[in-house]
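Chemist: Got a predicted structure here, sequence first:
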Amino acid sequence: MKKFTLFIIGLVISLPFSGLAKTIVDTTDFWHILYNNKTIALYNQQDKNPPITIKRSKIKPNDILSFSYGDDTPCSECETGLYLLDKNRKRILLSKSKGTFKPIKIPLNEILNQAKIANKNYLDFYYFDAQHNRFVFRLKLE
């Protein structure tokens, strides 16, 4: 009986402090970037995602960059897409699709063209769907 009473007292004392513990996210949004069907990056919302670097001299006319985004609440009918922001923070839509984790494909020549227009050696890519609108990766062009 004494052990039980001590257990109850310990439980009552510890309850107010249980909310102070750091919670861990139980679901993670993730995205994959492929260059000509070869995975070049696997990212998620938890990690610091380093930039992707592609050498301009290695890009061929038919090269494709593909992007897929997934989370714990997939949507098969919602519009999804990738965009850039111009210097005035206006969206430049690169490509769109329907449904989460369905590849969004962009010809690398279009990406090179956007970098030339922006006069930059890097581009920041943003993703949208019915639930998200977020920065997803930086592409550096050397």
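Modeler: Structure received. From a predicted model like this one, the values you see are computed outputs, not experimental measurements.
Chemist: immediately after the worst-scoring helix or strand of the chain on mean pLDDT, which helix or strand?
Modeler: Within the chain, no helix or strand scores below helix 2-14, which has a mean of 54 by mean pLDDT, DSSP states H and E. Using DSSP states H and E, the helix or strand that follows helix 2-14 in sequence is strand 30-35.
Chemist: Which neighbouring elements make contact with that following strand?
Modeler: With contacts taken as 3 or more C-beta pairs under 8 Å, 6 or more residues apart in numbering; DSSP states H and E, strand 30-35 sits against strand 38-44, strand 64-70, strand 133-141. (C-beta placed from N, C-alpha, C; glycine too.)
Chemist: In TSV: the ones you listed, plus mean pLDDT and mean neighbour count.
Modeler: Shown next, in TSV, are the helices and strands packed on strand 30-35 (pLDDT from 0 to 100; neighbours: other C-beta atoms under 10 Å):
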stretch	mean pLDDT	mean neighbour count
strand 38-44	95	13
strand 64-70	95	20
strand 133-141	95	16
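Chemist: Go ahead and confirm Thr100 touches Asp129.
Modeler: Yes - Thr100 is within contact range of Asp129, at 5.9 Å (criterion: C-beta atoms under 8 Å).
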